[in-house]
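Chemist: Quick one: sequence and predicted model below, then my questions.
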Amino acid sequence: MSILLTGVAGFIGMHTARRLLDRGEQVIGVDVINAYYDPALKHARLATLEGADGFTFEKLDFSDRDAMLDLVQRHPDIDRVVHLGAQAGVRYSIEQPVDYLTSNLTGQLVIMETCRAMMGRSGGCRSFVYASSSSVYGANRQMPFSLQQRTDHPVSFYGATKKAGEVMAHSYAHLYRIPSTGLRFFTVYGPWGRPDMSPYIFTSRIINGEAIQVFNNGEMSRDFTYIDDIVTGVVAALDTPPVEDNGYEDNEAGAPHRLYNLGNNRSVPLMDYIRVIEQACGRQAVIDFRPLQPGDVLETYADIDASTRDLGYAPTTTIEIGIPRFVAWYRGYHGV
Ligand SMILES: NC(=O)c1ccc[n+]([C@@H]2O[C@H](COP(=O)([O-])OP(=O)(O)OC[C@H]3O[C@@H](n4cnc5c(N)ncnc54)[C@H](O)[C@@H]3O)[C@@H](O)[C@H]2O)c1
């Protein structure tokens, strides 16, 4: 049997595909390789997967319903779906909201339609896992962010589309009994990471002796999650599809849909995190303090009790371990 994995040329998608291939799964990876950031990095990630036993790549836009339905017809052995493709990024969603509409709303619907098409055949869709985000918590001040908190007041359009994805998935889980799991990722970093995110931007600028912009006088903190811990959580969720009527307290419909936080369960002050990057780079940062950016939140911090209880999720990587690994990859990749 096979797994359909979207966003396979992306940061989390590539690592997840690698882990699944390493345990002998067949993975059909989909990505449109858009130019939100340098496509050369996406091609380089893909190159690490190509040639692996069990890997097939399809260059497709997953918001194209006909193309996706055709894909699952051509691959009748697909029985699980990991949907990690999206238009990511909080700040860009203020400049280009329409890109988020296509990939995160139409795209989410088309992937759910794809799962629905699979339900009509033998074996069905055994597990549908999709990426949500800590951004759904908006400007919540109560820490840590727990699943019981309200998430209907996002402060970025990106967060709004991720919240919409969750409620859309619930409706399909209810209507078509698709076992679905939404994972709220908290600032994921590590080798092959995204060039629009601060670990990459700060490392690049510090190594080049350029100033880094630090918002809100550095008075922010983030729950940074190392990629290997995230992948372990994604695979555990894939292997643990929710069952119906499982007593999930917010789920009165009894639909087989669950949400989990995947964070590191600690909130690191931004200035401490910058010190760790400086140490790993062997160079001091020049800091340009700026006001808080629209769409930004002051703090993120994941309550992972439910993820630990149900998925056995137990992140182990601190930034003191993870950041030097990222910087080593960065130096190797860029030859600096
Ligand atoms: N990295 C993080 O810190 C983080 C945090 C919270 C949530 N997430 C979510 O996790 C998922 C993976 O994030 P990532 O960091 O790997 O992002 P990424 O941008 O590296 O990967 C996403 C991939 O999806 C592809 N894609 C986008 N729209 C597509 C479409 N319509 N058709 C086909 N492919 C398309 C892109 O080309 C890209 O390769 C996303 O859903 C993101 O919103 C990430």
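Modeler: Happy to help now that I have it.
Chemist: Following element in sequence after the longest helix seen in the chain, please.
Modeler: If you go by DSSP state H, the chain has its longest helix at helix 157-176. Using DSSP states H and E, the next helix or strand after helix 157-176 towards the C-terminus is strand 180-185.
Chemist: And for that next one, what's in contact with it?
Modeler: Residues outside strand 180-185 that contact it (Cβ atoms under 8 Å, 6 or more residues apart in numbering) are 12, 115, 127-134, 136-137, 145, 165-166, 169-170, 172-173, 225, 230, 233-234, 237-238, 240-242, 256-263, 302. All C-beta spots, glycine's among them, are computed from the backbone N, C-alpha and C.
Chemist: again, but for stretch 306-322
Modeler: Here stretch 306-322 makes contact (Cβ under 8 Å, 6+ apart) with 147, 189-190, 224-229, 232-233, 236-237, 240, 258, 260-266, 268, 273, 276, 304.
Chemist: Strands along the stretch 201-336 of the chain, start to end?
Modeler: Ranges of strands within the stretch 201-336 of the chain are 211-215, 221-222, 225-226, 257-262, 268-269, 286-290, based on DSSP state E, counting those that start in this stretch.
Chemist: which SSE is Leu71 in?
Modeler: In this structure, Leu71 is located in helix 65-74 according to DSSP H and E.
Chemist: what's next to the helix or strand that comes right after that helix, contact-wise?
Modeler: The helix or strand immediately downstream of helix 65-74 is strand 78-83, counting by DSSP H and E. Residues outside strand 78-83 that contact it (Cβ under 8 Å, 6+ apart) are 1-7, 13, 16, 20, 28, 62, 72, 108, 111, 114-115, 118, 123-131, 234, 238.
Chemist: can you do 6 Å?
Modeler: Defining contact as Cβ atoms under 6 Å, 6 or more residues apart in numbering, one finds that strand 78-83 is touched by 1-6, 72, 111, 115, 123, 126-130.
Chemist: just those residues that are near the ligand?
Modeler: Within the set of these, contact with the ligand (Cβ under 6 Å from any ligand atom) is found for no member.
Chemist: Per-residue pLDDT of Glu249, please?
Modeler: pLDDT, Glu249: 54.
Chemist: Repeat that for Met119.
Modeler: As predicted, Met119 sits at a pLDDT of 89.
Chemist: go on, Glu252?
Modeler: 58.
Chemist: Can you give me the distance of Leu311 to the ligand?
Modeler: Separation of Leu311 from the ligand (Cβ to the nearest ligand atom, to the nearest Å) stands at 17 Å.
Chemist: Who's the closest spatial neighbour of that residue, skipping the chain neighbours?
Modeler: Among residues not flanking Leu311 along the chain, Ala236 sits closest, at 4.0 Å (Cβ to Cβ, 6 or more residues apart in numbering).
Chemist: quick one: the one you found and the ligand, what's the gap?
Modeler: For Ala236, the distance to the ligand (Cβ to the nearest ligand atom) stands at 16 Å.
Chemist: about what we covered before: drop the exposed ones from the contacts of stretch 306-322 and show what's left.
Modeler: 147, 189-190, 224-229, 232-233, 236-237, 240, 258, 260-266, 268, 273, 276, 304 (16 or more other Cβ atoms under 10 Å).
Chemist: Can you flag which of the residues you listed belong to helices?
Modeler: 227-229, 232-233, 236-237, 273, 276.
Chemist: Between those, which sits nearest Ser156?
Modeler: If you rank those by distance to Ser156 using Cβ to Cβ, Tyr273 comes first, at 20.9 Å.
Chemist: what sits up against stretch 111-127?
Modeler: Taking Cβ under 6 Å, 6+ apart as the rule, stretch 111-127 contacts 62, 68-69, 72, 79-81, 83, 128, 172, 176, 178-179, 238, 241.
Chemist: Quick one: end-to-end distance for that stretch.
Modeler: 13 Å (Cα to Cα, to the nearest Å).
Chemist: buried stuff in it?
Modeler: Buried residues in stretch 111-127, counted by 16+ other Cβ under 10 Å: 111-118, 125-127.
Chemist: got CSV for the residues you listed, with secondary structure too?
Modeler: Shown next, in CSV, are the buried residues of stretch 111-127 (DSSP: H, G, I helix; E, B strand; the rest coil):
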residue, secondary structure
Ile111, helix
Met112, helix
Glu113, helix
Thr114, helix
Cys115, helix
Arg116, helix
Ala117, helix
Met118, helix
Cys125, coil
Arg126, coil
Ser127, strand
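Chemist: ok, back up a step: out of the contacts of stretch 111-127, who's nearest Gln96?
Modeler: Using Cβ to Cβ, Phe62 is the member of the contacts of stretch 111-127 that sits closest to Gln96, with 18.2 Å.
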